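Undergrad: return atomic coordinates for the entry below.
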Amino acid sequence: MRRPIDDDSLPAKVDCLIVGGGPAGAALAGLLARSGHMVLVVDDGALRTGSPLETLMASALQSLDRCGLGEIVRATAEVDRRRHGARWDADEVAWRDEGRSGLCLRRGVFDDGLRDWAVKCGARVLRPATAVELPDGGQGSARIRVAGRDLFIEANTIAIATGRRSVAVLASAEIVEQGPPTAAFAFQIEAESETGAVAMVTAAPDGWCWWIGDERGGARLVATVDADTLGEPLRAVVDRVLEYAGSAFGGRRAAVLETAVRATSRRATTPRGYWLVGDAAATLDPLASQGTEKALVGAESAALGIRTALANPALRGLAIAQHRRWEHELYQAHARTTAAFYSRVGRFAERPFWARRSQLPPSPNFGALPHRLVRAPDLLEGPMLVRHTEELVLTPGFARLAAEPIARIGRVTVAPLLAAFARPRSVADGLAIAGQDPRLFVMGSAVVRAAVVELWRAGLLIAPQID
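TA: Numbers count the residues shown, from 1 in each chain. Below you'll find the model as predicted:
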């Protein structure tokens, strides 16, 4: 028999149940609670991180300010005054140009600060607690275990922010994109030289490492290697990377392992109607060094969708699909950027680690744009949600069978372009007709023509079969 919550301080029903209280879950909770929604966070109390010391680039702060998270992130982090460098393209160190200072995050302290902020915004946090059973469809009664007893709570919507480890069990998640198997080992280093003012990424023959001097003494070193090395113990490979990296600072001693994690980049999805947030949705290659930033801005994307779905339940499926597209596009963009960065390490190009990661996606050869174009006859049309400033707007979307729908290319709405090519027309005539639409006439012709090219490459516009 189900026993309801008997603690008067806990709500029996919430707008959103969030499973996982790391950066993504805590940020999502605070953003939703600040908007007046009843939010409950369930967290098992474990600290899940590749390294207890992380940096956040100064360029990330503008995005966090836009998300409404800049103030709390600054309040829970330290100013990063380290000099940043790289031994990447060559053995010589290339120092990054001085500019605005970023932030240093001490995970644990940082995560606690975010959870405290979420509580101040009005969210409730159960910690330690675990989600034992979640309802299909992403809403309904969830079974939560706290201090050895089971509680049941009704949720209008459920978000999974547990990281990569338990999402498959909780949400029946499926991996839809994945990079080479990767492992990351974080060590605390007793450095032989002063390293508090230095952070450096170093390429090694069998992997790469990230060294960050700790102003409180010593340093942290994250060694990243193939997770499925053949014919050799993994620790031997890690030790070689440690030795190579430590030479930049005159050696190393007393390397103490702090954490070891699977760090393979991958993107997951689930058919069960949950919101996947943070690493539960997608894990970036650790070389991106933007995992925490991605978790925070992903929480803001999910918060926007959840608010939309709570205000209009009929849009719930479209809102989840919109957030999933956001995760997909961000993952693809990072994959391209990371592959390009790996490909720069030419001196180790023949080593297995680098050969597996430096393959740039082939640039398709589309040939010349046809003189005449027409809308593809098998296009599917249906509503989709597209972000416009701080809200999601219902917009017609178009797609070929089994492809992702498209509503906009950049700032260009595609509906008037497809209407302009409802019958075969020259590119110039189609652009002239489309340019009369109020949604397009204020845009430059070059921008609109570029959108036509992208529609042709995506197969939504084709060359007429009979011309």
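
Undergrad: tell me which residues of the strand or helix carrying Leu114 are tucked away?
TA: Leu114 is part of helix 109-121, with elements assigned from DSSP states H and E. If you call a residue buried by 16 or more other CB atoms under 10 Å, then helix 109-121 has these buried ones: 110-115, 117-119, 121. (C-beta placed from N, C-alpha, C; glycine too.)

Undergrad: and for stretch 319-329?
TA: 319-328.

Undergrad: between those residues, which is nearest Ile18?
TA: His323 (14.2 Å; CB to CB).

Undergrad: contact partners for that closest one?
TA: The contact partners of His323, taken as CB atoms under 8 Å, 6 or more residues apart in numbering, are 275, 301-302, 305.

Undergrad: residue ranges of the helices in the stretch 51-200 of the chain, please?
TA: 60-67, 70-75, 109-121, 167-171 (DSSP state H, counting those that start in this stretch).

Undergrad: distance from the last one to the middle of the chain?
TA: So the one you mean is helix 167-171. Helix 167-171 sits 18 Å away from the centroid of its parent chain (CA atoms, centre = their mean, to the nearest Å).

Undergrad: ditto for the second one
TA: Computed by CA atoms, centre = their mean, the chain-centroid distance of helix 70-75 equals 19 Å.

Undergrad: and stretch 323-337, C-alpha only, in PDB?
TA: Taking C-alpha atoms only, stretch 323-337 is exported to PDB below (Å, rounded to 0.1, in the frame of the first residue of the first chain):
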ATOM      1  CA  HIS A 323      15.000  21.100 -25.700                       C
ATOM      2  CA  ARG A 324      16.200  17.800 -27.300                       C
ATOM      3  CA  ARG A 325      17.100  19.700 -30.500                       C
ATOM      4  CA  TRP A 326      18.900  22.300 -28.400                       C
ATOM      5  CA  GLU A 327      21.100  19.500 -26.800                       C
ATOM      6  CA  HIS A 328      21.700  17.900 -30.200                       C
ATOM      7  CA  GLU A 329      22.800  21.100 -31.900                       C
ATOM      8  CA  LEU A 330      25.100  22.100 -29.000                       C
ATOM      9  CA  TYR A 331      26.600  18.600 -29.000                       C
ATOM     10  CA  GLN A 332      27.300  18.700 -32.700                       C
ATOM     11  CA  ALA A 333      28.800  22.100 -32.500                       C
ATOM     12  CA  HIS A 334      31.200  21.000 -29.800                       C
ATOM     13  CA  ALA A 335      32.100  17.800 -31.600                       C
ATOM     14  CA  ARG A 336      33.200  19.700 -34.700                       C
ATOM     15  CA  THR A 337      35.200  22.200 -32.600                       C
END
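
Undergrad: which helix or strand contains the most centrally placed residue in the chain?
TA: The chain has Lys294 as the residue nearest its centroid, 4.3 Å off, counting by CA atoms, centre = their mean. Using DSSP H and E, Lys294 sits within helix 291-311.

Undergrad: now do the buried residues in that helix.
TA: 291-310.

Undergrad: give the next helix or strand downstream of it.
TA: Next element after helix 291-311 (DSSP H and E): helix 316-343.

Undergrad: from Arg262, how far off is the nearest residue to Asp228 once chain neighbours are set aside?
TA: Excluding its sequence neighbours, the residue lying closest to Asp228 (CB to CB, 6 or more residues apart in numbering) is Pro181, at 4.7 Å. Look at Pro181 and Arg262: by CB to CB, to the nearest Å, they are 8 Å apart.

Undergrad: who touches both of the two?
TA: Ala227.

Undergrad: show me the shaky parts of the stretch 151-300 of the chain.
TA: Residue ranges of the stretch 151-300 of the chain with pLDDT under 70: 191-195, 230, 246-254.

Undergrad: which ones are touching Val14?
TA: So Val14 contacts 38-40, 153-156 (CB under 8 Å, 6+ apart).

Undergrad: try it again with 6 Å
TA: 38, 40, 155 (CB atoms under 6 Å, 6 or more residues apart in numbering).

Undergrad: what are the buried residues along the host helix or strand of it?
TA: According to DSSP H and E, Val14 maps onto strand 13-19. Going by neighbour count (16+ other CB under 10 Å), the buried part of strand 13-19 is 14-19.

Undergrad: circling back to that earlier point, now distance to Val412 too, for the helices of the stretch 51-200 of the chain, in a markdown table please.
TA: Formatted as a markdown table, those follow (distance: least, CB to CB, whole Å):
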| stretch | distance to Val412 |
| --- | --- |
| helix 60-67 | 22 |
| helix 70-75 | 30 |
| helix 109-121 | 37 |
| helix 167-171 | 35 |
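
Undergrad: out of the ones you listed, nearest to Arg387?
TA: helix 60-67 (11.8 Å).

Undergrad: contacts for the closest one next, please.
TA: 70, 73, 293, 297, 300.

Undergrad: on that earlier part again, could you dump the contacts of Val14 to TSV with neighbour count and distance to Thr389?
TA: As requested, the contacts of Val14 are exported to TSV (neighbours: other CB atoms under 10 Å; distance: CB to CB, whole Å):
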residue	neighbour count	distance to Thr389
Met38	17	26
Leu40	24	29
Ala155	24	28
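
Undergrad: quick check, nearest of the residues you listed to Gly217?
TA: Of those, the one sitting nearest to Gly217 (CB to CB) turns out to be Leu40, at 39.4 Å.

Undergrad: what about that closest one, which SS state?
TA: strand (DSSP: H, G, I helix; E, B strand; the rest coil).
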